[in-house]
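1. Model the following, please.
(chains A, B, C, D, E and F)
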6 protein chains.
Amino acid sequence: MILRIDKLAIELPMPAHPSPNSASAVQELLGGKFGEMSTLMNYTFQSFNFRGRDKLKPFYDLIANIAAEEYGHIELVSHTINMLLSGSTTRGNDPSATPLESATDVRNHYHYIASGQTALPVDSMGNPWNGTYVFSSGNLKLDLLHNFFLECGARANKIRVYEMVDDPVAREMVGYLLVRGGTHIVAYAKALEALTGVDVGKLLPIPDISNKRFPEAKKHEAKGLHQVMYRMSPDDYREMSAIWKGPHPEDGSELRVIDGPPEGGPVPVHPEEPQLTSPLGPDGIDTGILAEIGERLFGKEVGKKK
Amino acid sequence: MILRIDKLAIELPMPAHPSPNSASAVQELLGGKFGEMSTLMNYTFQSFNFRGRDKLKPFYDLIANIAAEEYGHIELVSHTINMLLSGSTTRGNDPSATPLESATDVRNHYHYIASGQTALPVDSMGNPWNGTYVFSSGNLKLDLLHNFFLECGARANKIRVYEMVDDPVAREMVGYLLVRGGTHIVAYAKALEALTGVDVGKLLPIPDISNKRFPEAKKHEAKGLHQVMYRMSPDDYREMSAIWKGPHPEDGSELRVIDGPPEGGPVPVHPEEPQLTSPLGPDGIDTGILAEIGERLFGKEVGKKK
Amino acid sequence: MILRIDKLAIELPMPAHPSPNSASAVQELLGGKFGEMSTLMNYTFQSFNFRGRDKLKPFYDLIANIAAEEYGHIELVSHTINMLLSGSTTRGNDPSATPLESATDVRNHYHYIASGQTALPVDSMGNPWNGTYVFSSGNLKLDLLHNFFLECGARANKIRVYEMVDDPVAREMVGYLLVRGGTHIVAYAKALEALTGVDVGKLLPIPDISNKRFPEAKKHEAKGLHQVMYRMSPDDYREMSAIWKGPHPEDGSELRVIDGPPEGGPVPVHPEEPQLTSPLGPDGIDTGILAEIGERLFGKEVGKKK
Amino acid sequence: MILRIDKLAIELPMPAHPSPNSASAVQELLGGKFGEMSTLMNYTFQSFNFRGRDKLKPFYDLIANIAAEEYGHIELVSHTINMLLSGSTTRGNDPSATPLESATDVRNHYHYIASGQTALPVDSMGNPWNGTYVFSSGNLKLDLLHNFFLECGARANKIRVYEMVDDPVAREMVGYLLVRGGTHIVAYAKALEALTGVDVGKLLPIPDISNKRFPEAKKHEAKGLHQVMYRMSPDDYREMSAIWKGPHPEDGSELRVIDGPPEGGPVPVHPEEPQLTSPLGPDGIDTGILAEIGERLFGKEVGKKK
Amino acid sequence: MILRIDKLAIELPMPAHPSPNSASAVQELLGGKFGEMSTLMNYTFQSFNFRGRDKLKPFYDLIANIAAEEYGHIELVSHTINMLLSGSTTRGNDPSATPLESATDVRNHYHYIASGQTALPVDSMGNPWNGTYVFSSGNLKLDLLHNFFLECGARANKIRVYEMVDDPVAREMVGYLLVRGGTHIVAYAKALEALTGVDVGKLLPIPDISNKRFPEAKKHEAKGLHQVMYRMSPDDYREMSAIWKGPHPEDGSELRVIDGPPEGGPVPVHPEEPQLTSPLGPDGIDTGILAEIGERLFGKEVGKKK
Amino acid sequence: MILRIDKLAIELPMPAHPSPNSASAVQELLGGKFGEMSTLMNYTFQSFNFRGRDKLKPFYDLIANIAAEEYGHIELVSHTINMLLSGSTTRGNDPSATPLESATDVRNHYHYIASGQTALPVDSMGNPWNGTYVFSSGNLKLDLLHNFFLECGARANKIRVYEMVDDPVAREMVGYLLVRGGTHIVAYAKALEALTGVDVGKLLPIPDISNKRFPEAKKHEAKGLHQVMYRMSPDDYREMSAIWKGPHPEDGSELRVIDGPPEGGPVPVHPEEPQLTSPLGPDGIDTGILAEIGERLFGKEVGKKK
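-> As a prediction, this is how the structure comes out:
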């Protein structure tokens, strides 16, 4: 089971301006083969499917705990996409004014037809995330090798989206995920080393470009964020510290577990897009529906018309 | 963000015997269009994508909170599948003894080739769950109507899998999910009513067969589980109680919110399947790798050879 | 536009007994790459997309008219599947009696979970029909060559399903479709000949096995059904007779157009399957819902409880 | 079976100018999850799969009849796409002049490579329509709820495409479909009410924006088109009038059945695009193939070279 | 088995300039339903699956040999795509300079995120090539008819991509493939004629536009390339000359087999794109990794930093 | 370009008996995510897409050469499937005798409807191989890591299919591929070591079960087959020997390159299945078509009726 916290892993800055095609590129980090849906679901299923947990608890705890952190990453990418899309069409209540005209030429029409200018579990070409992206062989060495590769592939994707999109909200998000994904790479390298004795961490970085070259990642590493594994649980998964220990393979600094989630930042309030009837259409708003709803909910008047 | 708890929503009983084709049927409740991956991801994305949260917080809180409960449901279905598959082939270390022979004729080969006799995000025919199953239009009324329909469709699927599989572990799981899914149906009916004033709950049950006819569901309803919405968060999503209130549409009992998750049951330890090298193969075990691993992890000998 | 007639192209005999796996095989003729969904949608889209109709009206009329006949073929295959599935599980209202137990081992679980023991637009492996199966290049010669090939491929599929399934309802359906599909092969051969002067019909039969070897097809050919193109329209598509004329390429008999659809047979009444709550569940039936519905519909009591 | 009529449901105006990316957006209304292929095929399969038709004939008749009308809708959307694409590249017979150059940057390359600047069963991102979009559970209440939701989702899609595209041909088409789809929403609401007694129609409009705000829809409603259900059959489906009756839930006007299809408008003649060899290439035309074809077809010279 | 030769079928000229969207269009010829992956895999599987080879060896030899030539075609298309993409973003090692900015608006994001500005087995819309595009019925007449159609469809695709893209590298490639694909059309026509006696070649060209109208194809035909079937094997497939003989159906020139592959041209060296860390990232290059690698490989210093 | 040799990598023994469901399982090794289509296409595309080949020639040569060997592996798996399927239904020319009856209950209907009891590019569940299985990032370190993982995943799949199927033809094939795939694992480990200095080979075997435990693999290793890289080219790819050298990581024996392909074995002649009209139907055979064909091909009578 999970408990959910109404905060993001970090505070996201406001975007410089709406950028539909940037949002489309960022979708690869959400619903692509190497997006956060994939890391989330790979580790989640591997934790459900772990055989012999009693004998190999530290490995189970590590995988289960990283899975929990990944939920916060699909959240972070989704909100970034939403922020890049907010305000990207003309707000208003008159459909005949063609308020979505500018969306005709954008790369991802689903953002304007299927969703209300918000994220979907699809990749940068609009192809849906799917379950063939989950690998869960049951052999621990093979699953760990997969995870190590998956995180490196995910890192390559993040780097390229970073190089494509310079909006502050996207870069802040990618910078943070480069660092956190980096800890997952190290974690799976350490786990492979614990299992086999081979120092796989010496292969890093993969691709061969350091996080230090990304200002938005470098600032977090300067504070030691790359040394930290958050324990994303009230009481469980403590044995992962048997794996997450010793020197960081890239800079030799000491790895450590922090009990509990990152401090985090507020979940952004995404503004209404009335031309998309999101969250309400004009017939709702014009008839004072918010007041009526408020009465039903609280027995008194709440909400204000936009 | 989420915190993860190493418990299942309920304790699962041991299966009567391994049942590969039953496991295959149960996959529909995990990775099917109306499976728990779908309910989880629909509400998760709708919560990320909510516009105008400041004005409609109770709706946001309700959707976000139900999303959190759904995570526990993919977990429960996955463990049920794993338990139905454990022991379904011949345990041993000699591949030339054809230990997987009985798997040749089963319905889902992925369980024996892609996974180590464990769950995958696919449906009863082996087709992968995919992102086209997520609906997130941004219009609140439409999204709530969708969710109401989705839960009813999911209920129909659960009923039919229940009628197909009589193993105790499957029935216990389905019985529980019929009740919990039932609360989600009511929740979206109440939310639609809060938004529109229309008493959609009068349509229930859909399909028109009562949970009372399922002994494993009836026992939970007898204890009032159908009246409860768990608040799956340390501190957030409190305003859902503005919606989750009043009489249950089917029996008139009073709805109530419980702060925190269900008490839950233990996560089953899935036994090793050495013929699938899960979690380790004979070359690992025969060379005393568990002892070596233990030393690397804890500086002392741990683990025992099977 | 279309007008719909509540009759099937032929009367379907009762099946010898329920045959879930036969139904699964027959699905290939409905939702497979070479199934009736494909022939229907290929010709339908080609008729919408026809350029230069004013100069090539007979070709347009032929394609548009065959498209119309194909609708009757998806209907015929679907009802055959439904008849093979009716009664394939235990009828009753008690879910805990595991009424669908026998369905656990069948090839297509969707028939028992997604549908109520009825047809779906999927193929024999449960993969969905999809739009990549539609070819509509706009070049008339190429489109006609495609259609000629498609019909031959469809014929091969029908022959093989015939050889797999000996239930009378399946054989009656396939026998009829072999003859009707045969006329479509000839039609596209004639159209290619009209366009190019090349006698493509000399290639027939493809595959090289005559319809005469199939008793259920032979009986229709004995009555000349292979010489007939039905004009499936009140007033239109008359110019196809400029193409559908002259000798049949296989037996030299004279081709002719019949104005209007085949006489047809009754649409079967598929019996209720209460264990699938189809069409109603016990809570509906037990509360006398049919009587209530009757009152709402007709102001008097109608319907009887099962 | 069906009879086909060579007319569209309405007359489509000429587009203002070719608009490849608008055509790409309109594809969502054809091959998207909520496009007309989906409404057509959902109701078609539900009508084939109806169990207990003898007891619930009005419901069967309603679903079967709406299915028939939907055929006219895939036709209407397809022709709109074709009209938006006609003339969008440079007409001519010299391939080395790069006549399709402008198509390099458009959103949907299939329109220029797979088809001859015409419609395909794909959505706005080029993903194919597929059979997983069809829901046919066999439980009448659930199927009706699905259809009610599907139509509301389809309505949201139409509204958004309307807001994206202001070409007269697209708006005329969408305006008409908003009204006709609106009648289907009402029909399924009425059917649910007949089945359960619950006045689901009070939820309308969904999304909460009235058809009256769309001039091209408003003009049809002013003439009462939203009160009409066409009986799309020579003789059948008469019992749907037991459901389609009483007041319209949005304006209280009286619902009524019209026997027969709409008067309709002409099927547009789509001009030749010789650079796409559609319908013929220069080698055909230059060798006088039209005259030859004419002789083969009619025994006299027909057709003229473009 | 195969032997691989490190040469392309022809020498490819340098592109005029990088053209991301042209590369996107050319992908249809690689991973589209009618792309070279399809021709390669159709004939490859048909050759594996040939039944009764002892009695029909010339047909087997022909299909197997054409399959071998097709490998050279996926190679040629892939290198063309790579050349159109090289240099399409800003080279350099500083990710924060947004070197991929220009890629945000291109049609195919996979070229910049999944690959390093290189080809992938996807089509012009980014949809993956898949195995449903392979037809292998086992009936020789039907398989040959399929192949004849497939090549004609592939020809239509090539023509349209030619008309879309005027870059010299694309046109040289398409011109060559029009001629070579043209020989495959003739080969399957001849094979059908050998099997049935019907002169299918009289249907050509399909679509009805001659290769002579394409300067880059015409120049090869002027040298007789359209008369040649290369025997792509050291010693095998000699009996195809029993089919590949007689007059060419379009110009009557004599067909002939050449023993061995075309002379071919060099495989282009694709330049490094350091901003994509392809093939190495700055951390590799800056630390002199090429010299280190050289020592490991050859025991002496090799390579130079870019 | 390639040259094709009409031999298999090894001689395949006759199967013990037809085994449709075993053939279905073996399909995973052909068209599965980790099947031979994947290894073939991954390395093929990586070789096309290699940037900076001039500086890193040994790596290019290694990848390109392994790609060439993989072609022989899809061939070997396909023929194994064909041999397991030959004779699995009743041979004969009378369709009404239901010759395919036994196929109704098999796992893969495509083998009997789409193909003539032969292989298709699909996996063990009938899902098609697709291009999303190809990874080609352009970063050499990441691509090599991917390939190392892919081969380990493929090895796990082979082991499990071996354990499922004990037919001699399947075991001989899998035994051989375990050894040859094993050399590819070592090759990518060596390449990673050449690039980074890290001895990745110490991780082997993955999964942790030695090839020595598989009698059909052990016999090849006893002859040193695991030490050999075949140079699959008349003249090229020689620099791979700079990587493929030194001790084997599992047994320390010396690696060596053999110039040219394995000696190989004969391509099996798959018997005719007349009930599938493969390769000819009775109308062909009964009319003496083989004699006619022979005359067309060779000017004299050839072939004999079965």
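2. Output the contacting helices and strands for the strand or helix carrying A:T44.
-> Using DSSP states H and E, the element containing A:T44 is helix A:36-48. Applying 3 or more Cβ pairs under 8 Å, 6 or more residues apart in numbering or on different chains; DSSP states H and E, one finds that helix A:36-48 makes contact with helix A:28-31, helix A:57-85, helix A:140-164, helix A:168-196, helix B:57-85. (C-beta placed from N, C-alpha, C; glycine too.)
3. One more pass at 7 Å, please.
-> Counting contacts by 3 or more Cβ pairs under 7 Å, 6 or more residues apart in numbering or on different chains; DSSP states H and E, helix A:36-48 is packed against helix A:28-31, helix A:57-85, helix A:140-164, helix B:57-85.
4. Alpha carbons only: can I get the shortest one in PDB?
-> Looking back up the chat, that one is helix A:28-31. The C-alpha trace of helix A:28-31 is given here as PDB (Å, rounded to 0.1, in the frame of the first residue of the first chain):
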ATOM      1  CA  GLU A  28       9.200  11.100 -23.800                       C
ATOM      2  CA  LEU A  29      10.400  11.400 -20.200                       C
ATOM      3  CA  LEU A  30       6.900  10.400 -19.000                       C
ATOM      4  CA  GLY A  31       5.500   7.800 -21.400                       C
END
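5. touching chain B at all, that helix?
-> Yes - shown here: helix A:28-31 in contact with chain B (Cβ under 7 Å from any Cβ of the partner chain) through A:G31.
6. which residues touch that helix?
-> Residues outside helix A:28-31 that contact it (Cβ atoms under 7 Å, 6 or more residues apart in numbering or on different chains) are A:35-37, A:74, A:77-78, A:81, A:119-124, A:128-129, A:157-158, A:161, B:131, E:109, E:113.
7. What residues sit buried inside stretch A:47-65?
-> Buried residues in stretch A:47-65, counting neighbours by 16 or more other Cβ atoms under 10 Å in any protein chain shown, are found at A:47-53, A:55-65.
8. Kindly report the same for stretch A:240-256.
-> Of the residues in stretch A:240-256, A:240-244, A:248-250, A:255 count as buried by neighbour count, 16+ other Cβ under 10 Å.
9. Mind picking the two most distant members of these?
-> Taking Cβ to Cβ as the measure, the buried residues of stretch A:240-256 span a maximum distance of 21.3 Å, between A:A242 and A:E250.
10. returning to that earlier point: comparing the helices and strands packed on helix A:36-48, which comes out most buried?
-> helix A:28-31 (a mean of 28; mean count of other Cβ atoms under 10 Å in any protein chain shown).
11. Point me to the residue sitting closest to the centre of chain A.
-> A:H73 (2.1 Å; Cα atoms, centre = their mean).
12. what does chain A have sitting close to chain F?
-> Residues of chain A lying near chain F by Cβ under 7 Å from any Cβ: A:33, A:132, A:137, A:139, A:141-142, A:145-146, A:149, A:152-153, A:156, A:196, A:198, A:202-203, A:206-208.
13. Using CSV, lay out the helices and strands packed on helix A:36-48 together with mean pLDDT.
-> Formatted as CSV, those follow (pLDDT from 0 to 100):
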stretch, mean pLDDT
helix A:28-31, 98
helix A:57-85, 98
helix A:140-164, 98
helix B:57-85, 98
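14. Please name whichever of those is nearest to F:S278.
-> Comparison of the helices and strands packed on helix A:36-48 against F:S278 by Cβ to Cβ identifies helix B:57-85 as nearest, at 37.5 Å.
15. If you count contacts, what does the closest one end up packed against?
-> By 3+ Cβ pairs under 7 Å, 6+ apart, helix B:57-85 packs against strand A:2-4, helix A:36-48, strand B:7-8, helix B:20-26, helix B:28-31, helix B:36-48, helix B:168-196.
16. now with 6 Å?
-> Here helix B:57-85 touches strand A:2-4, helix B:20-26, helix B:36-48, helix B:168-196, going by 3 or more Cβ pairs under 6 Å, 6 or more residues apart in numbering or on different chains; DSSP states H and E.
17. and the next element down the chain from that helix?
-> Next along the chain from helix B:57-85, counting by DSSP H and E, comes helix B:110-113.
18. contacts for that next one?
-> Applying Cβ atoms under 6 Å, 6 or more residues apart in numbering or on different chains, the contact partners of helix B:110-113 are B:85, B:100, B:103, B:117, B:120, B:126, F:28, F:157, F:160.
19. do stretch A:138-147 as well
-> A:46, A:51, A:135, A:137, A:188, A:191-192, A:195, B:115-116, B:276-279, F:149, F:152, F:156, F:206-208.
20. Nice, that's everything, thank you.
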